[in-house]
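Asks: With the input below, show me the fold.
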Amino acid sequence: MSKAVYIAPIDGKPGKPGQVYYPLTVRTVPKPTPQGKELLIKLTAASLNHRDLFLRQHLYPGVTFDVPLLADGVGTVISAGPEVSNAEKWKATGYRIMGGTKSYDKGTLQEFITLPESEVEEAPAHLSDAEAAALPLTGLTAWRALVSKAGERNSKDGAAIIVTGIGGGVALMALRFAVARGAHVFVTSSSEEKIQKAVELGASGGVNYKEEGWDKKLLSMLPAGKKNFDAIIDGAGGDSIEKAVKLLKVGGVISIYGMTVSPKMPFLMQAVLKNIDVRGSTMGSRKEFKEMVEYVREKNIHPVVSRTLQTEIDDLAGLDGLFEDMKQGKQFGKLVIDFGKTSNSKL
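Replies: The predicted structure follows:
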């Protein structure tokens, strides 16, 4: 048997979006058997994303009470279906967006899971279980926003980049990747503490976006020979394009992977005249996922983990504490539950 964590309806009914906060519940389910080209994975750690909080608030598409939560996870392959080409055991980190929705019936907040062998990658050996569990969704989103959308020329070897809202998982992975690629990275945050932590991770500097004239302050920080930034990696939206007009070079790129401030962004004529490219960026492709994992392995990159809860998978109070950190914006990096050392389920 296997334990799995779900969200539960209140009084047996779905709640109103944004006005409900679904409780967590644990179910004991049969341990799955791998079929065809599937792998049976004993999961050891899983991490939260904002989508998981939105699911509990009924603010994410396709909310369901019948699929275990969480999209990111790591585990060890313990058996394989009869059509798997290589049945050796390895640490695996998953690719697809999983957990809590009707679009896919898998989630990583459970002890055992079967996945097609094409949907997993060998986790880089230098990562702990918590770090590997923190990598997939944020790593891929950051990789596409930085490398695929901002472009090679604007994301490496002396390029000047702004990463907004440092402290979130995607922003921190974008920082990690950009620094490893030789770019000058500058960050924004409302927290001086988070800016300082980002500098310790390799950022060239940062500003508090609540301060008057923060955009001018950023421009004054540019390295010698640079008059403007090459790209902005943004998860906020709002007035990002208005600020980009002042900050970016002619033909610069603003790569947007989220809109936490506002779901609408006015596109200004100044941006047209400056030939600024605004590129929306979603999670990424299977090919990009493989490239991202290989780059993490090659460059020995470590995802930033804000807090790891080492406990039983059915520690709902502890899990609620991780969700509370996210609700209050306390985290700097990913929030992880590591249940590999405490699981009592038999293989």
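Asks: And the closest residue to residue 49 other than its chain neighbours, how far from residue 3?
Replies: Counting by C-beta to C-beta, 6 or more residues apart in numbering, residue 137 is the residue found nearest to residue 49 once chain neighbours are left out, at 5.4 Å. Using the backbone N, CA and C atoms, a C-beta is placed for each residue, glycine as well. Separation of residue 137 from residue 3 (C-beta to C-beta, to the nearest Å): 23 Å.
Asks: Between those two, point out the one with more neighbours.
Replies: residue 137 (29 against 20; other C-beta atoms under 10 Å).
Asks: Surely the more buried one is in contact with residue 71?
Replies: Yes - Residue 137 lies in contact with residue 71 (C-beta atoms under 8 Å); the separation is 5.4 Å.
Asks: Now the common contact residues for the two.
Replies: Residues touching both residue 137 and residue 71 (C-beta atoms under 8 Å, 6 or more residues apart in numbering): 49, 97.
Asks: and residue 279, what element?
Replies: Residue 279 is part of strand 277-280 when elements are defined by DSSP states H and E.
Asks: average pLDDT for that strand?
Replies: For strand 277-280, mean pLDDT rounds to 88.
Asks: which strands and helices sit next to that strand?
Replies: Other helices and strands packing on strand 277-280, by 3 or more C-beta pairs under 8 Å, 6 or more residues apart in numbering; DSSP states H and E, are strand 248-256.
Asks: Report the strands that pair with the strand it packs on, each with its relative direction.
Replies: strand 229-234 (parallel), strand 277-280 (parallel) (DSSP bridges).
Asks: Now these in JSON lines, please, with extra columns for mean neighbour count and distance to residue 209.
Replies: Below are the strands paired with strand 248-256 laid out as JSON lines (neighbours: other C-beta atoms under 10 Å; distance: least, C-beta to C-beta, whole Å):
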{"stretch": "strand 229-234", "mean neighbour count": "28", "distance to residue 209": "11"}
{"stretch": "strand 277-280", "mean neighbour count": "15", "distance to residue 209": "19"}
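Asks: pLDDT score for residue 325?
Replies: 95.
Asks: any idea how far it lies from residue 302?
Replies: 20 Å.
Asks: go on, residue 188?
Replies: Separation of residue 188 from residue 302 (C-beta to C-beta) stands at 23 Å.
Asks: Give me the more crowded residue out of these two.
Replies: The neighbour comparison of residue 188 against residue 302 (other C-beta under 10 Å) goes to residue 188, with 25 against 16.
Asks: burial of residue 23, as a residue count?
Replies: 13.
Asks: Could you do residue 5 as well?
Replies: Residues within reach of residue 5, counting by other C-beta under 10 Å, total 26.
Asks: And for residue 227?
Replies: Neighbours of residue 227 under the rule other C-beta under 10 Å: 8.
Asks: residues in contact with the nearest residue to it once chain neighbours are set aside?
Replies: Excluding the flanking residues, the one nearest residue 227 by C-beta to C-beta, 6+ apart is residue 249, at 7.3 Å. Residue 249 makes contact with 227, 228, 229, 230 under the criterion C-beta under 8 Å, 6+ apart.
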